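> fold the following.
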Amino acid sequence: MNWQDRVNAFTDDRDRADGRDAPERTWSAPAGEIRGWLDGDVARATGIPYATAERFGRPVPAEPSAEPVEARRWAPACPQVPMDILEKLLWHPDAGMEEDEACLNLSVTVPAHADPAGSLPVMVWIHGGSYTAGAGDAHVFEAAPIVSEQDVIVVSVTYRLSILGYLGWEGGRPANLGLLDQIEALRWVRRNIAAFGGDPENVTVFGQSAGADAAAHLMIARGAEGLFAKAILQSAPLGIMPNRSRMTALMAREASRTEDNAPLAEILGSEERVARWALPFGLRGAMPFGVQYGFDPLPAEEELDDAWRDAASRVQIMIGHTAREASLFTGEVPGMHRFARQARIGEAISEGLVTALTRRIYADPAHAFAARHADAGGRGVQYVIDWGPEGSPYKAAHTIELPLLLGSRPAWEKAALIAGAVWEDVEPQGMMLRSLWARFARTGTVELESYPGLIRFGPLETPPD
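Numbers count the residues shown, from 1 in each chain. Next up is the predicted model:
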């Protein structure tokens with residue numbers, strides 16, 4: 001049974017088939033003997049601990065194991081509060097997943113024929129979700145298509161989120177724990193990926209939304225130097241990341257009212273109350289949790305420009321956004337439904353808002369990031385994604401590339417995000433986009449060709465037309 005047939009076998013309640021009943025595949029790595037599973041065209045080692053951590057503690061790298069490492073179950077998601085918009089548009093993005101505070105796990109997907117002595121490109125996936133939701137092994141992030149088609153290795157990382165991973169203060173909880181988790185995952189990849197047939201010198205970090213923001217900050221994070229050579233930054237919300245110190249200080253004050261050792265439900269239950277303090281800060285408050293500058297492992301905010309310029313010589317980038325990013329969110333803005341009912345007036349207002357927010361949060365900051373990278377001597381490419389179902393309000397919306405890059409037909413076919421698209425038309429576009437991403441991971445280059453209706457490329461100095 002190949003990967004598509006296996007994913008098609010998901011039960012009606014969306015429980016995912018794991019590897020407990022599948023043929024075994026083993027790898028001998030510095031981490032220990034890893035017992036994974038064969039899954040059609042790919043082999044998997046899932047739910048491997050890369051680190052451990054106490055609640056609100058820094059991650060500690062996992063020790064090599066003298067006993068076999070059982071890697072035949074999906075990694076659990078880190079504890080989180082469900083996001084209504086994800087449930088509405090992405091059709092049960094984390095269905096069937098367990099949650100556990102012991103969630104610092106990663107999963108490796110390799111071509112079934114991969115030679116452990118080989119040297120395949122490695123792509124490390126950092127999932128998005130506003131730093132509050134998501135999981136590396138969520139079924140909408142299925143890596144088998146790009147792995148089997150493009151002969152690459154994908155490592156999917158799960159890391160701490162929201163109040164457990166992205167809010168700290170002086171003398172209290174450490175900040176940037178989720179980012180520190182990701183660094184430990186990359187260190188695990190550096191030590192172990194050769195045992196799977198991967199090239200530790202050819203690692204590409206790729207992420208979408210908050211995952212892209214994380215990848216951008218990994219470029220300048222202390223301790224991450226030399227752990228990856230390339231980064232693909234998909235729709236990073238760079239426009240709302242600066243000047244957040246006052247906002248996070250207010251959030252931290254509220255968070256400190258809950259004891260560190262309180263029951264998990266109480267910790268998670270405080271998230272909405274904590275996030276409420278971000279509301280007066282406009283667009284920044286729309287994604288209240290995130291990285292904090294001046295806290296380990298990140299430089300102070302006034303040092304960011306120099307840090308990214310210094311990183312340009314070490315990391316090649318592919319950075320871009322979708323043409324109508326904000327169309328994913330404008331329907332959720334209070335009052336927009338009323339305007340939308342006013343026919344042409346509503347449509348014009350809505351599209352104006354989509355254009356303005358897309359430029360403010362995503363497009364202009366991405367172009368500035370690319371231009372600075374080029375000016376500092378860095379190499380790479382810019383892109384804009386145009387794809388989406390014709391007539392859909394979500395055409396070229398934020399996240400629209402995900403069903404093309406990752407996931408599968410069962411995971412995406414009923415999603416409102418791509419309603420109106422026929423899967424037989426989706427799949428060829430997906431194959432093209434996966435080949436482009438893999439080409440960059442393999443060589444660091446993408447030919448600046450035209451792919452009408454899918455994607456436009458341009459050099460770092462000049463945004464795509």
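> which parts of the stretch 151-300 of the chain are strands?
Under the criterion DSSP state E, counting those that start in this stretch, the stretch 151-300 of the chain carries strands at the ranges 153-157, 198-208, 230-234.
> do the stretch 351-465 of the chain as well
Counting by DSSP E, counting those that start in this stretch, the stretch 351-465 of the chain has strands at residues 380-385, 450-451, 455-459.
> columns mean neighbour count, distance to Asp100 and mean pLDDT on top of these, output as JSON lines?
To be clear about C-beta, it is placed using only N, CA and C from the backbone, and glycine gets the same treatment. Shown next, in JSON lines, are the strands of the stretch 351-465 of the chain (neighbours: other C-beta atoms under 10 Å; distance: least, C-beta to C-beta, whole Å; pLDDT from 0 to 100):
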{"stretch": "strand 380-385", "mean neighbour count": "24", "distance to Asp100": "34", "mean pLDDT": "97"}
{"stretch": "strand 450-451", "mean neighbour count": "14", "distance to Asp100": "41", "mean pLDDT": "88"}
{"stretch": "strand 455-459", "mean neighbour count": "19", "distance to Asp100": "37", "mean pLDDT": "96"}
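> of all the strands of the stretch 151-300 of the chain, which lies closest to Trp423?
Of all the strands of the stretch 151-300 of the chain, the one in closest proximity to Trp423, counting by C-beta to C-beta, is strand 198-208 (20.8 Å).
> thinking again about what came up before, out of the strands of the stretch 351-465 of the chain, which is closest to Pro64?
strand 380-385 (35.8 Å).
> can you list the strands that the closest one pairs with?
Sheet neighbours of strand 380-385, with direction, are listed as strand 316-322 (parallel), strand 455-459 (antiparallel) (DSSP bridges).
> can you redo the ones you listed as CSV with distance to Leu357?
As requested, the strands paired with strand 380-385 are arranged in CSV below (distance: least, C-beta to C-beta, whole Å):
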stretch, distance to Leu357
strand 316-322, 12
strand 455-459, 20
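> pick out the residue closest to the middle of the protein.
Nearest to the geometric centre of the chain sits His127, at 2.2 Å (C-alpha atoms, centre = their mean).
> surely that residue and Gln208 touch.
Yes: under the criterion of C-beta atoms under 8 Å, His127 lies in contact with Gln208, with a separation of 7.5 Å.
> now do stretch 282-293, average pLDDT.
The predicted model gives stretch 282-293 an average pLDDT of 94.
> residue ranges with poor pLDDT in this protein?
Across the chain, the stretches falling below the confidence threshold (pLDDT under 70) are 1-16, 86-87, 90-96, 331-349.
> max-length helix in it?
Selection of the longest helix in the chain by residue count, based on DSSP state H, yields helix 423-443.
> flag every buried residue along it.
Within helix 423-443, the residues scored as buried using 16 or more other C-beta atoms under 10 Å are 426, 429-430, 433-434, 436-442.
> can you check stretch 108-127 too?
For stretch 108-127, by 16+ other C-beta under 10 Å, it's 108-112, 114, 118, 120-127.
> stretch 148-159 now?
Applying a neighbour-count criterion of 16+ other C-beta under 10 Å, the buried positions in stretch 148-159 are 148, 150-159.
> do the same with stretch 367-377
By neighbour count, with 16+ other C-beta under 10 Å as the criterion, the buried positions of stretch 367-377 are 367, 369-370, 373-374.
> repeat for stretch 445-454
When burial is assessed from 16+ other C-beta under 10 Å, stretch 445-454 yields the following buried residues: 446, 451, 454.
> roughly how far out does that stretch sit from the chain middle?
The chain centre lies 23 Å from the centre of stretch 445-454; the measure is C-alpha atoms, centre = their mean, to the nearest Å.
> what does stretch 401-416 give?
Between the mean C-alpha location of stretch 401-416 and the chain-wide mean there is a distance of 15 Å, by C-alpha atoms, centre = their mean.
> next, the angle strand 198-208 makes with the helix or strand containing Leu106.
Assigned by DSSP states H and E, Leu106 falls within strand 105-111. Interaxial angle of strand 105-111 relative to strand 198-208 (axes from the mean of the first three to the mean of the last three C-alpha atoms, to 10 degrees): 110 degrees.
> any idea how far strand 105-111 is from the middle of the chain?
Centre-to-centre, strand 105-111 and its host chain are 15 Å apart (C-alpha atoms, centre = their mean).
> now do that strand and strand 153-157, the angle between them.
Here strand 105-111 runs at an angle of 160 degrees relative to strand 153-157 (the same axes, to 10 degrees).
> quick one: strands adjacent to strand 105-111?
With DSSP bridges as the test, strand 105-111 pairs up with strand 42-49 (antiparallel), strand 153-157 (antiparallel).
> which stretch among these comes nearest Glu390?
Each of the strands paired with strand 105-111 has some distance to Glu390 by C-beta to C-beta; the shortest is strand 153-157, at 30.6 Å.
> other residues contacting the closest one?
Under the criterion C-beta atoms under 8 Å, 6 or more residues apart in numbering, residues 50, 75, 106-111, 114, 120-127, 136-137, 141, 143, 146-147, 181-182, 185, 189, 193, 196-198 lie in contact with strand 153-157.
> hmm, back to that, would JSON lines of the strands paired with strand 105-111 with distance to Pro30 be doable?
As requested, those are exported to JSON lines (distance: least, C-beta to C-beta, whole Å):
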{"stretch": "strand 42-49", "distance to Pro30": "12"}
{"stretch": "strand 153-157", "distance to Pro30": "15"}
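> to Asp260, which of the ones you listed lies closest?
Between Asp260 and the strands paired with strand 105-111, the shortest gap by C-beta to C-beta is with strand 42-49, which sits at 22.4 Å.
> please save the CA atoms from that closest one in PDB.
The C-alpha trace of strand 42-49 is given here as PDB (Å, rounded to 0.1, in the frame of the first residue of the first chain):
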ATOM      1  CA  VAL A  42       8.500   6.300   2.100                       C
ATOM      2  CA  ALA A  43      10.000   5.200   5.400                       C
ATOM      3  CA  ARG A  44       9.200   7.000   8.600                       C
ATOM      4  CA  ALA A  45      10.700   7.400  12.100                       C
ATOM      5  CA  THR A  46       8.000   9.300  14.000                       C
ATOM      6  CA  GLY A  47       7.800  10.800  17.500                       C
ATOM      7  CA  ILE A  48      11.500  10.800  18.200                       C
ATOM      8  CA  PRO A  49      12.400  12.800  21.300                       C
END
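> can you tell me the strand partners of the helix or strand following that strand and which way each runs?
Downstream of strand 42-49, the first helix or strand assigned by DSSP H and E is strand 51-52. With DSSP bridges as the test, strand 51-52 is paired with strand 60-61 (antiparallel).
> which residues touch the nearest residue to Trp74 once chain neighbours are set aside?
The shortest distance from Trp74 to any residue that is not its chain neighbour, by C-beta to C-beta, 6 or more residues apart in numbering, is 4.3 Å, and that residue is Asp137. Residues in contact with Asp137 (C-beta under 8 Å, 6+ apart) are 46-47, 74-75, 77, 97, 107, 156, 158.
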